[in-house]
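S.K.: pasted the sequence and its predicted model underneath.
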Amino acid sequence: MSWSYLVRGIVIGFSIAAPVGPIGVLCIRRTLAEGRAAGFVTGLGAATADTIYGFIAAFGLTALTDLLVGGQTLIRLIGGAFLLYLGIRTIRAEPAERAARLRGTGLLGAYATTFILTLTNPMTILSFVAIFATIGVGTSHSNPLAPASLVLGVFLGSALWWLSLSGTMGLLRARFDAGPLRWVNRVSGGIITAFGVAAMLSVIRL
């Protein structure tokens, strides 16, 4: 274990996860509607996908990186369509129904949706490649434990952000009854839908 690279990975993972995007909106909305566990698991799906992309970048899997970036048009279309679906479904969701669905496969579904959504943004891997290159990781390194420590740190840092976000929003959950939650659904659904539209329009500029 390379502790210095582990710490760097934590900082990188936290920093990449922190900007508010569609995953952040989903995390906030699910925490308010379904509780901290749903919100944290939502973020954990994104953290897992970030870790996979971090692994590819840290271990210099350039062929796979080129494949993902080369196919980004189709991947973005799929991701954009998925965001549109989630956004419209969120707008139409009734608070009571959403809370009831947390049981059974609810947590697995929350994890899977954000895992897939994060994977449909292949440009994330380029962010990792650029960041890792500046600290000497990505092709070869004198310390063989550096890439593994960095990747583990990315996961821990990303998970830490989602734990913090879901925990903070969980403290506010008691203040939201069915009325305010209905507006949370509408606003967050509208934002997610807008992200979906933007993702699909971005394909035109590729």
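M.R.: Looks like it arrived, so ask away.

S.K.: okay, helices next: where are they in the chain?
M.R.: Assigned by DSSP state H, the helices in the chain fall at 3-17, 22-34, 36-58, 62-70, 72-92, 95-100, 106-119, 123-134, 146-172, 178-202.

S.K.: got the angle between the first one and helix 106-119?
M.R.: Inter-element angle recorded for helix 3-17 and helix 106-119: 90 degrees (by axes from the mean of the first three to the mean of the last three CA atoms, to 10 degrees).

S.K.: go through helix 3-17 and flag the buried ones.
M.R.: For helix 3-17, the neighbour count (16 or more other CB atoms under 10 Å) marks Y5, L6, R8, G9, I10, I12, G13, F14, I16, A17 as buried. Backbone N, C-alpha and C define where each C-beta goes, glycine included.

S.K.: what part of the chain, helix or strand, is modelled with the least confidence?
M.R.: Across the helices and strands of the chain, the lowest-confidence element by mean pLDDT, DSSP states H and E is helix 95-100, at a mean of 47.

S.K.: which non-adjacent residue is nearest T114?
M.R.: Of all residues beyond its chain neighbours, the one nearest T114 is G45 (3.6 Å), with distances taken as CB to CB, 6 or more residues apart in numbering.

S.K.: try T31
M.R.: G39 (3.0 Å).

S.K.: surely the one you found and L165 touch.
M.R.: Yes - assessed by CB atoms under 8 Å, G39 is found in contact with L165 at 7.1 Å.

S.K.: so which of the two has more stuff around it?
M.R.: Neighbours were counted for G39 and for L165 using other CB atoms under 10 Å; G39 has more, 28 against 23.

S.K.: now that one: how far from R186?
M.R.: Distance from G39 to R186, counting by CB to CB, to the nearest Å: 18 Å.

S.K.: one more: A112?
M.R.: Distance from A112 to R186, by CB to CB: 24 Å.

S.K.: and R89, by the same measure?
M.R.: Counting by CB to CB, the gap from R89 to R186 is 12 Å.

S.K.: repeat for S164
M.R.: Relative to R186, and taking CB to CB, S164 is found at 26 Å.

S.K.: likewise G21?
M.R.: Between G21 and R186 the computed distance is 19 Å (CB to CB).

S.K.: for the residue positioned nearest the centre of the chain, list the residues it contacts.
M.R.: Closest to where the C-alpha atoms of the chain average out (CA atoms, centre = their mean) is A46, at 3.0 Å. Residues in contact with A46, defined by CB atoms under 8 Å, 6 or more residues apart in numbering, are A17, I23, T114, F115, L117, T118, S158, W162.

S.K.: if you set the cut-off to 10 Å instead, what comes out?
M.R.: By CB atoms under 10 Å, 6 or more residues apart in numbering, the contact list for A46 reads 16-17, 21-24, 26-27, 111, 113-115, 117-119, 121, 124, 158-159, 161-162.
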